[in-house]
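Visitor: here is my input; please provide its structure:
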Amino acid sequence: MVSLVDGVLLAALVGTTACVLPLYLKLKRLDRAQAEYGRAVAASGHALASAGEAVRSFTGEGREVLEALSAKIEEAKATLEALEAGRRAAVRAESGR
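Guide: Next comes the predicted model:
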């Protein structure tokens, strides 16, 4: 009788071990996947922070370029006006002869 009970308990233990071992392996894989996911999320956070910094830098530099370009456009307009005034004066001088 004791042998029969021991045999049944041994079979139950082997069956339980057979069911628990694959579950344990799946949990290990899940743990590794979660760690990899955590690293990917952290890397994404760093990449987004870098992108935000780049956008802020680009905005500041863009503003500087825009201001410089605006000044050059104003200089070009003044030069064109001076040239146009010189052309008109030359035309008047020729027609006054």
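Visitor: all helices of the chain, in order?
Guide: Ranges of helices within the chain are 2-95, based on DSSP state H.
Visitor: where does it have low pLDDT?
Guide: Low-confidence segments of the chain (pLDDT under 70): 97.
Visitor: and the residue nearest in space to the middle of it, how far from A42?
Guide: Nearest to the geometric centre of the chain sits L48, at 4.1 Å (C-alpha atoms, centre = their mean). Relative to A42, L48 is positioned 11 Å away (C-beta to C-beta, to the nearest Å). Where C-beta positions appear, they are placed from N, C-alpha and C, glycine not excepted.
Visitor: hey, what's in contact with both of the two?
Guide: Taking C-beta atoms under 8 Å, 6 or more residues apart in numbering as the contact rule, L48 and A42 have no neighbour in common.
Visitor: counting neighbours, what do you get for A85?
Guide: Number of residues near A85 (other C-beta atoms under 10 Å) recorded here: 10.
Visitor: whoops, P22 was the one
Guide: When neighbours are counted by other C-beta under 10 Å, P22 comes out with 9.
Visitor: next one: L30
Guide: Neighbour tally, L30, other C-beta under 10 Å: 10.
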